[in-house]
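**Q** have a look at this prediction, sequence included:
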Amino acid sequence: EEELLAATVRSWRRWMEDFYYEGPETSLVRRAALTLKLCDHWSNGALIAAPTSSLPAPIGGVRNWDYRYTWIRDASFSVYALRRIGFEEEAGAFLGWVLDTFEHGSAPKIMYDLEGGAVPDEVVDGELEGYRRSAPVRWGNGAADQRQHDVYGEVLDCAYQWVRGGGRLDEHLWGRLAALADLAADAWRLPDQGIWEVRSEGRVFTYSAALCQVALDRAARLAEQLNLPGPVAKWRRAAEELRETVLEGSWDEDAQTLSEHLDGGGSLDASLLALPLRRVVSADHPRMVSTTKAVGERLSAGDGLLYRYLHEDSPDGIPGDEGAFVLCSFWLVENLARQGQLDKASELYASLCARASTLGLLPEQIDPSTGEFSGNFPQAFSHIGVIAAGVTLARAART
């Protein structure tokens with residue numbers, strides 16, 4: 001047993017030799033990298049959203065979901081974070097898994113099991129009382145077959161990062177990726193369930209439209225850089241038009257903010273903070289600066305925590321409220337840093353990192369009234385936030 005332990009320690013230390021980071025909260029960023037690696041399927045590169053199912057958000061509520069699957073959405077965020085701190089191999093393996101899964105399937109799904117297969121149907125386990133008696137306990141995930149148009153941008157952005165890291169695209173795969181860009185050019189006009197997988201009637205979500213813009217932009221860039229066939233001028237023109245549509249269509253003049261739907265109306269969604277991170281809108285664009293301020297104020301849960309959205313303004317088809325969503329606060333850090341508010345961003349980042357457990361782990365959500373963790377744990381998304389926001393802060397401090 002001692003030799004096994006020693007070998008395990010050597011293996012982890014050898015893996016960490018690739019770690020490169022010069023910024024705040026180095027020990028927690030290192031722990032976040034280890035946590036993401038522990039969510040990684042070592043043999044094929046798949047990355048699960050969390051290693052748990054049905055940990056409630058909040059305690060006593062019914063928002064209990066099975067997160068033991070791989071979301072395509074997580075691909076771009078996780079790869080982006082890992083590549084920025086030296087882990088090209090993990091990034092390449094995960095991107096390879098995503099593209100291979102996509103290439104051998106039909107239309108891209110939003111999530112898969114670890115082998116690239118279909119996620120089981122969502123069922124309730126009536127024999128289990130749940131964590132702290134928070135039933136129901138669910139296995140499988142009913143969101144697997146939802147319409148979510150951001151998947152086009154997620155896959156194209158994965159391919160773009162794959163190529164930036166030295167990967168190659170064969171003719172067959174490029175044909176399928178190009179077809180996705182063509183789909184994105186029209187899909188953004190149709191209602192979907194959005195990044196937060198609402199179980200209410202679909203809407204035209206700003207984030208989904210923005211990720212369709214990402215799909216068109218990355219397709220044009222890939223075709224240009226690799227001299228691949230495709231209507232580059234058409235994609236680029238459509239991408240620019242869609243960027244303007246996002247900026248204009250979701251803008252609420254009275255509220256002075258972008259809003260969660262393209263028909264405006266002022267309802268706020270913290271996913272708007274991700275638009276600069278996906279290079280749809282620059283963080284210092286006046287409308288993004290105003291949106292950042294609005295999200296920070298109107299979605300505030302106190303002490304730097306943010307709600308994803310307010311349930312009374314944005315019904316999601318599920319009863320009950322929820323806690324503050326940890327990743328959203330890290331997105332706020334990145335926006336503030338990119339807007340030159342470095343002191344405010346640094347203070348917020350430090351306060352978020354201080355919430356980690358004694359083992360350096362973070363949950364999906366935090367109860368703003370008690371600071372108690374809720375939702376699945378540890379949550380890959382939250383640790384991606386630790387890494388990405390730390391790198392952004394470090395870079396902003398050097399400029």
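**A** Structure's in. What do you need? Just so it is clear, the model here is predicted, and its values are computed rather than measured.
**Q** which residues touch Ser374?
**A** 55-59, 322-323, 363-367 (C-beta atoms under 8 Å, 6 or more residues apart in numbering). Any C-beta I mention is one placed from the backbone N, CA and C, and that applies to glycine too.
**Q** same question for Gln225.
**A** Residues near Gln225 by C-beta under 8 Å, 6+ apart: Val163.
**Q** quick one: mean pLDDT over whichever strand or helix holds it.
**A** Element membership for Gln225, per DSSP states H and E: helix 206-226. Averaged across helix 206-226, pLDDT comes to 97.
**Q** equivalent analysis for stretch 30-40, please.
**A** 93.
**Q** got the buried residues for that stretch?
**A** By 16 or more other C-beta atoms under 10 Å, the buried positions in stretch 30-40 come out as 30-37, 39-40.
**Q** Ala350: neighbour count?
**A** 14 (other C-beta atoms under 10 Å).
**Q** that older thread, export the buried residues of stretch 30-40 to CSV and tack on distance to Gly167 and secondary structure?
**A** As requested, the buried residues of stretch 30-40 are exported to CSV (distance: C-beta to C-beta, whole Å; DSSP: H, G, I helix; E, B strand; the rest coil):
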residue, distance to Gly167, secondary structure
Arg30, 27, helix
Arg31, 28, helix
Ala32, 25, helix
Ala33, 21, helix
Leu34, 25, helix
Thr35, 25, helix
Leu36, 20, helix
Lys37, 20, helix
Cys39, 22, coil
Asp40, 18, strand
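**Q** return the member of those residues nearest to Arg84.
**A** Ala33 (10.4 Å; C-beta to C-beta).
**Q** list the contacts for that closest one?
**A** Contacts of Ala33 (C-beta under 8 Å, 6+ apart): 16, 19, 82, 85, 87, 387.
**Q** helices - which of the residues you listed land there?
**A** Among the contacts of Ala33, the ones falling in helices (DSSP state H) are 82, 387.
**Q** among the contacts of Ala33, which one lies nearest to Asp100?
**A** Taking the contacts of Ala33 together and measuring to Asp100 by C-beta to C-beta, the closest member is Leu82, at 18.1 Å.
**Q** against Gly320, how distant is the closest one?
**A** Going from Leu82 to Gly320 by C-beta to C-beta, to the nearest Å gives 34 Å.
**Q** show me which of these two is the more surrounded one.
**A** Leu82 (27 against 12).
**Q** from Val123, how far off is that one?
**A** From Leu82 to Val123 the distance is 33 Å (C-beta to C-beta).
**Q** do the same with Pro378
**A** Shown here: Pro378 relative to Val123, a distance of 25 Å by C-beta to C-beta.
**Q** between the two, which has more neighbouring residues?
**A** Pro378 (25 against 13).
**Q** you'd agree the more buried one is up against Gly360?
**A** No: using C-beta atoms under 8 Å, Pro378 is not in contact with Gly360; the gap is 9.1 Å.
**Q** which residues are common contacts for those two?
**A** Thr35.
**Q** need the contact list for Glu22.
**A** Ala394 are the contacts of Glu22 under C-beta under 8 Å, 6+ apart.
**Q** how close does it sit to Pro108?
**A** Applying C-beta to C-beta to Glu22 and Pro108 gives a distance of 36 Å.
**Q** in strands, which of the contacts of Ser374 fall?
**A** 365-366 (DSSP state E).
**Q** what is the nearest of the contacts of Ser374 to Ala144?
**A** Glu364 (18.2 Å).
**Q** the closest one - how many residues pack around it?
**A** For Glu364, using other C-beta under 10 Å, the count is 27.
**Q** so where do the helices sit in the stretch 1-150 of the chain?
**A** All helices of the stretch 1-150 of the chain, identified by DSSP state H, counting those that start in this stretch, fall at 2-15, 26-38, 72-84, 88-104, 150-164.
**Q** of the ones you listed, which shows the lowest average pLDDT?
**A** helix 88-104 (a mean of 81).
**Q** before we move on, back to that, of the contacts of Ser374, which is the most crowded?
**A** Result: Gln365 is most packed of those (other C-beta under 10 Å), 30 neighbours.
**Q** which residues touch the spatially closest residue to it that is not a sequence neighbour?
**A** Leaving out its chain neighbours, the residue that sits closest to Gln365 by C-beta to C-beta, 6 or more residues apart in numbering is Gly323, at 3.7 Å. Going by C-beta under 8 Å, 6+ apart, Gly323 touches 57-58, 301, 365-368, 374-375.
**Q** save those residues as JSON lines, and put in distance to Asp316 and pLDDT too.
**A** JSON lines is the format used below for the contacts of Gly323 (distance: C-beta to C-beta, whole Å; pLDDT from 0 to 100):
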{"residue": "Ala57", "distance to Asp316": "13", "pLDDT": "89"}
{"residue": "Pro58", "distance to Asp316": "15", "pLDDT": "87"}
{"residue": "Ala301", "distance to Asp316": "17", "pLDDT": "97"}
{"residue": "Gln365", "distance to Asp316": "14", "pLDDT": "97"}
{"residue": "Ile366", "distance to Asp316": "19", "pLDDT": "97"}
{"residue": "Asp367", "distance to Asp316": "19", "pLDDT": "95"}
{"residue": "Pro368", "distance to Asp316": "18", "pLDDT": "94"}
{"residue": "Ser374", "distance to Asp316": "17", "pLDDT": "95"}
{"residue": "Gly375", "distance to Asp316": "15", "pLDDT": "95"}
